[in-house]
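In: how would this look folded up:
(chains A, B, C and D)
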Number of protein chains: 2
Amino acid sequence: MNLSLPSETIFHVIESTIKEYRKFAQKNISEKIKDMTIDQGMVLLFLNEHPNLTQKEIAELVFKDNASMTRMINTMVQKKHLKRSMNPEDRRRYKIEITDKGKDVLKTLPPIIHHNRNSSLKGITKNELNQLEIILGKIRTNCAKNITL
Amino acid sequence: MNLSLPSETIFHVIESTIKEYRKFAQKNISEKIKDMTIDQGMVLLFLNEHPNLTQKEIAELVFKDNASMTRMINTMVQKKHLKRSMNPEDRRRYKIEITDKGKDVLKTLPPIIHHNRNSSLKGITKNELNQLEIILGKIRTNCAKNITL
DNA sequence: CAAAAATAATTGATATATCAATTATGTAAT
DNA sequence: ATTACATAATTGATATATCAATTATTTTTG
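Out: Alright, predicted model coming up:
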């Protein structure tokens, strides 16, 4: 079995790219906002656009599982960025509200994220981005297809 | 500030691709080898090819930091896949050796990984893989460049 | 309607991620 | 050789990842 090392595969390239982006983005966020992770920031962005998201739905959007999301929101509540209140429509789920402190973060965050995205995609054409999306989509489909077997 | 949601960005696509691959790969590994993660498997593969790697070097190859690697190797030692012994050349570092149990895993693992890579890249041309590598490389470089500022 | 099945969230256990501080050892400089 | 600096690994603290089991509520079905 002549297997190339993981470091020589395309998966290694994909992984290193996303890790490098996260490191870069986190650094730029931390410079302006203390005690705020990328993922927590994304939760705020999603909730801001779609206030009725359940924890489960948010979890899917940021690639976490429910258990992680429960704990993540716990800490965001502790840090006063979010507030949990009961949802009378369906008492299994919570209504997650953004506090004033959370709204402050939402004023500071967008320009940082905008800058992160722009500078990490500098010199890359629209066409290349399309290519990227298409090829990655194929890989993802291949993997997802087999998962449900 | 008109910011598109994280779920609409190329970063979301990249992240979802690598997560889907990991889920797929982990599932196939777990079916054949109990109590073995992708990352632990990669550590074994790297050590098998390069027996003199230090913990720090292994960590870089699998995108972990030193602290994580210390603990990861701790559990692999506990599970008897690895053995730590002193390195008389430089007593700051260990010599990490693969045990017989670890070598058994190394017999089972390669065909699984081979299958994982092949089926997740099915239908993707050599040219597309090159494109992918080039474009991701640009993103990574953009991010890494700014990190060291 | 009552029992069964499904869903949203939580909890426990264990592993990993991350940062900062610490220990032990090596190397370089004067 | 002694001081200063650099490196490899560990540890502590806290957050997150993951799986399985549990709780509290709907929803579905017979």
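In: can you give me the helices in chain A?
Out: For chain A, the helices defined by DSSP state H cover A:10-32, A:38-49, A:55-61, A:66-78, A:100-120, A:126-147.
In: wouldn't A:Pro110 be in contact with B:Ser4 here?
Out: No: using CB atoms under 8 Å, A:Pro110 makes no contact with B:Ser4, being 10.4 Å away. Where C-beta positions appear, they are placed from N, C-alpha and C, glycine not excepted.
In: Among the helices of chain A, show me which one is buried the most.
Out: helix A:38-49 (a mean of 20; mean count of other CB atoms under 10 Å in any protein chain shown).
In: State the distance from the residue positioned nearest the centre of chain A to A:Arg91.
Out: Chain A has A:Val62 as the residue nearest its centroid, 4.0 Å off, counting by CA atoms, centre = their mean. Distance, A:Val62 to A:Arg91, using CB to CB, to the nearest Å: 25 Å.
In: And the contacts of stretch A:90-107?
Out: A:33, A:36, A:41, A:44-45, A:47-48, A:51-56, A:58, A:73, A:76, A:79-87 (CB atoms under 8 Å, 6 or more residues apart in numbering or on different chains).
In: run the last query once more with 7 Å
Out: Contacts with stretch A:90-107, where a contact means CB atoms under 7 Å, 6 or more residues apart in numbering or on different chains, come from A:33, A:36, A:44, A:47-48, A:54-55, A:73, A:80-87.
In: How far does that stretch stretch from one end to the other?
Out: This stretch, stretch A:90-107, spans 31 Å end to end (CA to CA, to the nearest Å).
In: Pass me the low-pLDDT residue ranges in chain A, would you?
Out: By pLDDT under 70, the low-scoring segments of chain A are A:1, A:146-149.
In: What parts of it come near DNA strand C?
Out: For chain A, the residues in contact with DNA strand C (CB under 7 Å from any atom of the strand) are A:22, A:26, A:54-57, A:66-67, A:69-71, A:73, A:84, A:90, A:92-94.
In: at 6 Å instead, please
Out: Listed as neighbours of DNA strand C in chain A under the rule CB under 6 Å from any atom of the strand: A:54-56, A:66-67, A:70, A:92-94.
In: Make CSV from these and add distance to B:Lys145 to it.
Out: Shown next, in CSV, are these (distance: CB to CB, whole Å):
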residue, distance to B:Lys145
A:Thr54, 39
A:Gln55, 37
A:Lys56, 38
A:Asn66, 37
A:Ala67, 37
A:Thr70, 38
A:Arg92, 47
A:Arg93, 44
A:Tyr94, 42
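In: TSV for those, including distance to DNA strand D?
Out: Formatted as TSV, the residues of chain A next to DNA strand C follow (distance: CB to the nearest atom of the strand, whole Å):
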residue	distance to DNA strand D
A:Thr54	13
A:Gln55	12
A:Lys56	12
A:Asn66	7
A:Ala67	3
A:Thr70	8
A:Arg92	5
A:Arg93	8
A:Tyr94	12
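In: Out of these, which comes closest to A:Asn130?
Out: When those are ranked by distance to A:Asn130 (CB to CB), A:Lys56 comes first, at 31.4 Å.
In: Please list all residues in contact with the residue lying closest to the closest one once chain neighbours are set aside.
Out: Spatial nearest neighbour of A:Lys56, chain neighbours left out: A:Asn66 (5.7 Å); criterion: CB to CB, 6 or more residues apart in numbering or on different chains. Counting by CB under 7 Å, 6+ apart, A:Asn66 touches A:55-56, A:59.
In: How about A:Leu61?
Out: Here A:Leu61 is in contact with A:46, B:7 (criterion: CB under 7 Å, 6+ apart).
In: Check the gap between it and A:Lys145 for me.
Out: 22 Å.
In: Then A:Ile112?
Out: 37 Å.
In: give me the beta-bridge partners of A:Ile96?
Out: Legend: beta-bridge partners of A:Ile96 under DSSP bridges are A:Arg84.
In: wouldn't A:Ile135 be in contact with B:Asn130 here?
Out: No: applying CB atoms under 7 Å as the test, A:Ile135 and B:Asn130 come out as separate, 10.3 Å apart.
In: between the two, what contacts are shared?
Out: Joint contacts of A:Ile135 and B:Asn130 (CB under 7 Å, 6+ apart) do not exist.
In: Which positions in chain A make contact with DNA strand D?
Out: Counting by CB under 6 Å from any atom of the strand, chain A sits next to DNA strand D at A:37, A:39-40, A:64-65, A:67-68, A:71-72, A:75, A:90-92.
In: what sits against A:Leu136?
Out: B:13-14, B:17.
In: ok, is stretch A:34-46 in contact with chain B or not?
Out: Yes: between stretch A:34-46 and chain B, judged by CB under 7 Å from any CB of the partner chain, the touching residues are A:42, A:45-46.
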